[in-house]
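Asker: I need the structure of the sequence given here:
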Amino acid sequence: MNQSKIILLIGKALAISFVCALFLEVFFFNYRYFESKSYKSIDGYDVSIGPGLTDNGDGSYVVTDSQNAWVELSNIDGHISNIYLDVFDPDMPSWDNSVIELEIFGTDDGNSEYFKLPETEIVHGIDSSLYKRLYLIGNSNKLKVRFTNWQDRSLWLNRIGLNVKRKFELSTVREIFCGLFIFFLILFRPRSFIYDIPLEFKGSKNSVQRLFIISIIATYVGIIIIGSRKFDSKDWMNDPWKAHLQYNYLAESLLEGHTWLNIEPPKALLDMDNPYDIVARDQALSESGEEYVVDFAWYNGKYYCYFGVVPVLLFFIPYLILTGEQLYRGALLSAACIVFGIVAFWFVYTVAKKYYDKVSLGLYLLVVAVLLMSSQMLYGFHHRGIYSVPIILCMVFNLFGLTCWLNASKNEKLNKVYLLLGAISIALTIGTRPAHAAVVLLAFPIFWKEIKEKKFFSKKGFMNTLAVMGPFFVVGFGIMYYNFIRFGNVFDFGDEYMLNSYDMTHRGFILQRWWLGFFEYFFQPLNIIPKFPYISAFVVWADMPTDYLGQIINEPFLGGYFALNSIGIFLIALVTHKKIMKEKRVWGIAVGAALIGILIVALGIQRVGFTLRYMSDFSLYISIALVFCLFAVLEKRMENSSDRIIWYTFVALAVVCVLVNSWALFADGRFNNLRESAPGVFYAVKYMSFPR
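Answerer: The predicted structure follows:
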């Protein structure tokens, strides 16, 4: 397919997409405008103010008692279709997305006394949130609105109305988003022309393809940068959860020549026989009137950072030396997510070109999207805490390292630069998050052909062997020395000394944890609710019954790998397409990657427990296996009817994978959820996504 035809087809898809988006904008998203034109106006009702609102004398009322902070409309005698509430300070800055939570009580033909409607809210700066569509039966006589979260703050009763005609609103942001969304649906539909374009970046004949890929990567980078501005903390150095500053404390300590942190230890903690016993610890500190910092390592009367030291050596110390200021972890996370995305494009391209013959541009892009989303990189992008830093960095180190190794063996002669870069990158995980270093085992299936040809572990392959193994010895011995000077044991990384909600020094090994843990991490269904954002996290001990009568260490959880990534069903190709994958020399790599993911899950269940961020710990490796499986099944465009079913299923599940993992960012109940951390984003999407 020539470049001019590709440009024409892309232009046609764009034109159709934005025409459809304009139609949706006018008629669907403004449905409430057209609906409200039929509302019968209601006037002459009485308005009374609850005793929890005290008149300030300037048209505003301060909430002195939120239980009785209400406005009541009585003597209505009409059918109420909606209520309009504008009670924000007229001088409030436009960027202030303050949220007033509401409880609405109404009467109708079936209820002569008040009954409570589901809780809702109004948001400053989002005009559509001020209209509340009510579904009352027949006529109502009275209506009451209570403001539940506005204690000691003022309300302005600028306008309260019933059956108010909605404004006609055109949103440029929504139209652009819808246009792009429809464009990508058209572009990646099962019979799209994009699956007829062979994947190839090289040569002048493929300049349009290269430009298209660059534009997608640029869009990805832009989303990360814009999203970071929404998620980042402005006052991160004063974070009350001091654990988020562990890398910053460690950078200062290492520059001073010691490994313990400059935090004054409480005397009560020094006097305890077992400072890791949370109940005894809290009691001792309460009696002494002292405080301790949570989630630091505590050993022999000193605080330590139990996170790996490599990020401090690579990023925090150099930044502190060069600028004299501390590095913000969020900036590092954003940079890591950007690099991870770029490397993901490189990794999938390398796999496609090295092992497969007929990969199309469309298949390539969908597989990249699946890898980015199913790897749970989005968790680290969204959750800006210290806990995300080592996980995301390990994902970058390992994906980059594996890509280098795959490129090292493209030709008959091994590329020693790629061998060394890959080994250095993967070795860095030893001092970042040690379990991820298991990825080194993939060197065997990747280089199996070369090993059999004596290009490793032989006299002529000495330099190749040294390039791969050398960095692991250097980094490994360095980390062992670091462990020894801290804890007197070269294999002690310090994580069991955490001052947390449980005693990790007595965590133990219990086989039954695995059954519950593997179910949670792989198969737990999503918690779907009939209210925006339609997905809610749950905590095992609170929301789900279990027969495991023991201590379960967990945090809010969304669902298992296969619930978030139903496209994971294609991992069955490890069995059904084993012969083909062995012929392509990828079966061992895929199986090895999947087993590494399972190993990390098994270790995490026993060492810690169940937490959403540990999905990022293992999902990348399961998804790497999935990449090889998808190409094995879908390399050739499906033609016959049975194969078309597989093809259509893949395209549908790829789209679902992207949508579910993206939408999961909005889930209620998860740590740092958008409702609390970025209410402007959360409620803007809520009131833009459907005509409420």
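
Asker: Kindly list the single helix or strand of this structure that scores lowest on mean pLDDT.
Answerer: Of the helices and strands making up the chain, the lowest-confidence element is helix 540-543, at a mean of 56, by mean pLDDT, DSSP states H and E.

Asker: now for the helix or strand that comes right after it, which elements pack on it?
Answerer: Next in sequence after helix 540-543, counting helices and strands by DSSP states H and E, comes helix 561-564. On a contact count with 3 or more CB pairs under 8 Å, 6 or more residues apart in numbering; DSSP states H and E, helix 561-564 meets helix 614-634, helix 641-663. Backbone N, C-alpha and C define where each C-beta goes, glycine included.

Asker: Confidence-wise, which of the ones you listed is weakest overall?
Answerer: Among these, helix 641-663 carries the lowest mean pLDDT, at a mean of 89.

Asker: Run the angle between it and helix 614-634 for me.
Answerer: 160 degrees (axes from the mean of the first three to the mean of the last three CA atoms, to 10 degrees).

Asker: helices or strands up against helix 641-663?
Answerer: By 3+ CB pairs under 8 Å, 6+ apart, helix 641-663 packs against helix 361-374, helix 561-564, helix 614-634.

Asker: hmm, try it at 6 Å
Answerer: Contacts defined by 3 or more CB pairs under 6 Å, 6 or more residues apart in numbering; DSSP states H and E place helix 641-663 against helix 361-374.

Asker: hey, C-alpha coordinates of the helix it packs on in CSV?
Answerer: Only the C-alpha atoms of helix 361-374 are listed here, as CSV (Å, rounded to 0.1, in the frame of the first residue of the first chain):
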residue,chain,number,x,y,z
LEU,A,361,1.4,-2.1,11.6
GLY,A,362,-2.1,-2.5,13.2
LEU,A,363,-1.2,-5.7,15.0
TYR,A,364,2.0,-4.2,16.2
LEU,A,365,0.3,-1.1,17.7
LEU,A,366,-2.4,-3.1,19.4
VAL,A,367,0.2,-5.4,21.0
VAL,A,368,2.1,-2.4,22.2
ALA,A,369,-1.1,-1.0,23.7
VAL,A,370,-1.8,-4.3,25.4
LEU,A,371,1.7,-4.4,26.9
LEU,A,372,1.5,-0.9,28.2
MET,A,373,-1.8,-1.4,29.8
SER,A,374,-1.6,-4.9,31.1
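
Asker: can you list contacts of it?
Answerer: 194-195, 197, 199, 344-345, 348, 352, 565, 567, 623, 627, 630, 634, 654, 657-658, 661 (CB atoms under 6 Å, 6 or more residues apart in numbering).

Asker: in the stretch 1-150 of the chain, which segments are predicted with low confidence?
Answerer: Low-confidence segments of the stretch 1-150 of the chain (pLDDT under 70): 1.

Asker: mind redoing it with 80?
Answerer: 1-3, 6 (pLDDT under 80).

Asker: mind listing the strands for it?
Answerer: Remark: strands assigned in the stretch 1-150 of the chain by DSSP state E, counting those that start in this stretch are 46-49, 53-55, 60-63, 70-74, 82-86, 99-108, 111-116, 120-123, 131-133, 143-147.

Asker: how about CSV for those, with mean neighbour count and distance to Tyr614 added?
Answerer: Formatted as CSV, the strands of the stretch 1-150 of the chain follow (neighbours: other CB atoms under 10 Å; distance: least, CB to CB, whole Å):
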stretch, mean neighbour count, distance to Tyr614
strand 46-49, 12, 51
strand 53-55, 16, 47
strand 60-63, 20, 41
strand 70-74, 19, 45
strand 82-86, 20, 43
strand 99-108, 19, 31
strand 111-116, 11, 39
strand 120-123, 20, 32
strand 131-133, 18, 40
strand 143-147, 22, 40
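
Asker: quick one, which of the ones you listed is nearest to Ser360?
Answerer: strand 120-123 (44.0 Å; CB to CB).

Asker: What lies in contact with that closest one?
Answerer: Under the criterion CB under 6 Å, 6+ apart, residues Leu85, Asn97, Val99, Ile100, Glu101, Leu102, Ser129, Leu130, Tyr683 lie in contact with strand 120-123.

Asker: Spatially central residue for this structure, please.
Answerer: Centroid-nearest residue in the chain: Tyr379, 2.4 Å away (criterion: CA atoms, centre = their mean).

Asker: pLDDT weak spots in the stretch 301-450 of the chain?
Answerer: Residue ranges of the stretch 301-450 of the chain with pLDDT under 80: 410-412.

Asker: before we move on, back to that, among the helices and strands packed on helix 561-564, which is nearest Pro51?
Answerer: helix 641-663 (42.2 Å).

Asker: Leaving out sequence neighbours, find the closest residue to Phe347.
Answerer: Thr403 (4.4 Å; CB to CB, 6 or more residues apart in numbering).

Asker: OK, contacts around the one you found?
Answerer: Trp346, Phe347, Thr350 are the contacts of Thr403 under CB under 6 Å, 6+ apart.

Asker: In space, what's closest to the last one - neighbours in sequence excluded?
Answerer: Right, the one you point to is Thr350. Of all residues not flanking Thr350 in the chain, Leu406 sits nearest, at 4.9 Å (CB to CB, 6+ apart).

Asker: Next: the first one.
Answerer: The shortest distance from Trp346 to any residue that is not its chain neighbour, by CB to CB, 6+ apart, is 5.4 Å, and that residue is Thr403.

Asker: Surely Ala251 touches Ile317?
Answerer: Yes. Counting by CB atoms under 6 Å, Ala251 touches Ile317, with 4.9 Å between them.

Asker: Which one's more surrounded, those two?
Answerer: Between Ala251 and Ile317, counted using other CB atoms under 10 Å, the more crowded position is Ala251 (25 against 19).

Asker: Would you mind putting the helices and strands packed on helix 561-564 into a markdown table with distance to Asp89 and mean neighbour count alongside?
Answerer: Shown next, in a markdown table, are these (distance: least, CB to CB, whole Å; neighbours: other CB atoms under 10 Å):
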| stretch | distance to Asp89 | mean neighbour count |
| --- | --- | --- |
| helix 614-634 | 41 | 26 |
| helix 641-663 | 33 | 16 |
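
Asker: out of those, nearest to Phe18?
Answerer: Between Phe18 and the helices and strands packed on helix 561-564, the shortest gap by CB to CB is with helix 641-663, which sits at 19.7 Å.

Asker: Remind me what the helix or strand following the closest one packs against, helices and strands.
Answerer: Later in the chain than helix 641-663, the nearest helix or strand by DSSP H and E is helix 674-677. The contact analysis (3+ CB pairs under 6 Å, 6+ apart) places helix 674-677 against helix 679-689.

Asker: okay, the helix it packs on in CSV with CA atoms only?
Answerer: The C-alpha atoms that make up helix 679-689 are tabulated as CSV, following Å, rounded to 0.1, in the frame of the first residue of the first chain:
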residue,chain,number,x,y,z
PRO,A,679,-11.3,16.0,42.0
GLY,A,680,-11.2,18.4,39.0
VAL,A,681,-10.3,15.5,36.7
PHE,A,682,-12.6,13.0,38.3
TYR,A,683,-15.7,15.2,38.3
ALA,A,684,-14.9,16.7,34.9
VAL,A,685,-15.0,13.2,33.4
LYS,A,686,-18.1,12.3,35.4
TYR,A,687,-20.1,15.2,34.1
MET,A,688,-18.7,15.2,30.6
SER,A,689,-19.1,11.4,30.0
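
Asker: by how many degrees do that helix and helix 641-663 diverge?
Answerer: Going by the same axes, to 10 degrees, helix 679-689 makes 140 degrees with helix 641-663.

Asker: Do you know the pLDDT at the nearest residue to Gly609 once chain neighbours are set aside?
Answerer: Leaving aside its sequence neighbours, Gly609 sits nearest to Ile553 (CB to CB, 6+ apart; 2.9 Å). For Ile553, the model assigns a pLDDT of 73.

Asker: Looks like Ile553 contacts Thr611 (just checking).
Answerer: No. The criterion here is CB under 6 Å, and Ile553 misses it with Thr611 at 8.0 Å.

Asker: Give me the next element, helix or strand, following the strand or helix carrying Val475.
Answerer: According to DSSP H and E, Val475 maps onto helix 462-487. Later in the chain than helix 462-487, the nearest helix or strand by DSSP H and E is helix 512-518.
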